[in-house]
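Visitor: Sequence first, then the predicted structure, then my questions.
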Amino acid sequence: MEARAILRYARISPRKVSIVMDLIRNKPLDEALAILQYTPKAACEPLLKLVNSAAANAENNFNMDRNNLYVAECYVCPGPTLKRIMPRDHGRAYRILKRTSHMTVVLKEKE
């Protein structure tokens, strides 16, 4: 039995998110929440909400015990990239890529 939460089209680069996801993978729920709360990274705020959502799904939809939950899987996939231009000298234009992410967190109960 597993509970999952998915965040799509988050306006943050997948590379930045994966760094934080590596910190919480296979950690107990309480420890993962503490790590996300006290890590000074931009990806921590949406990930904290996502882990809390997965925990709420586990409790309310699957009747799992919150004390036995751990982060079984967490991964990030690139979403669509917004292409913008930055004007440069001599009439040139440089491309700016505003990347988006699809984040998934899966919680399971310890056996």
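Guide: Received the coordinates, thanks.

Visitor: shouldn't Ile85 be in contact with Tyr94?
Guide: Yes: Ile85 sits in contact with Tyr94 when judged by CB atoms under 8 Å, with a separation of 6.8 Å. In short, each C-beta sits where N, CA and C put it, glycine included.

Visitor: Run through the neighbouring helices and strands of the helix of greatest length in the chain.
Guide: When the chain is parsed with DSSP state H, its longest helix is helix 44-62. When contacts are defined as 3 or more CB pairs under 8 Å, 6 or more residues apart in numbering; DSSP states H and E, helix 44-62 sits against strand 2-10, helix 14-24, helix 29-38, strand 69-78, strand 101-109.

Visitor: and Ala58, which of these is closest to it?
Guide: Across these, Ala58 has its closest neighbour in strand 2-10 (3.4 Å, CB to CB).

Visitor: Now do the closest one: everything it contacts.
Guide: 17, 46, 49-51, 53-55, 57-58, 61-62, 64, 69, 72, 79-80, 100-108 (CB atoms under 8 Å, 6 or more residues apart in numbering).

Visitor: Quick check on the residues you listed: which are buried?
Guide: 17, 46, 50-51, 53-55, 57-58, 64, 69, 72, 79, 100-108 (16 or more other CB atoms under 10 Å).

Visitor: pLDDT score assigned to the closest residue to Gly79 other than its chain neighbours?
Guide: Nearest residue to Gly79, sequence neighbours excluded (CB to CB, 6 or more residues apart in numbering): Thr100, at 3.5 Å. The per-residue pLDDT reported for Thr100 equals 97.
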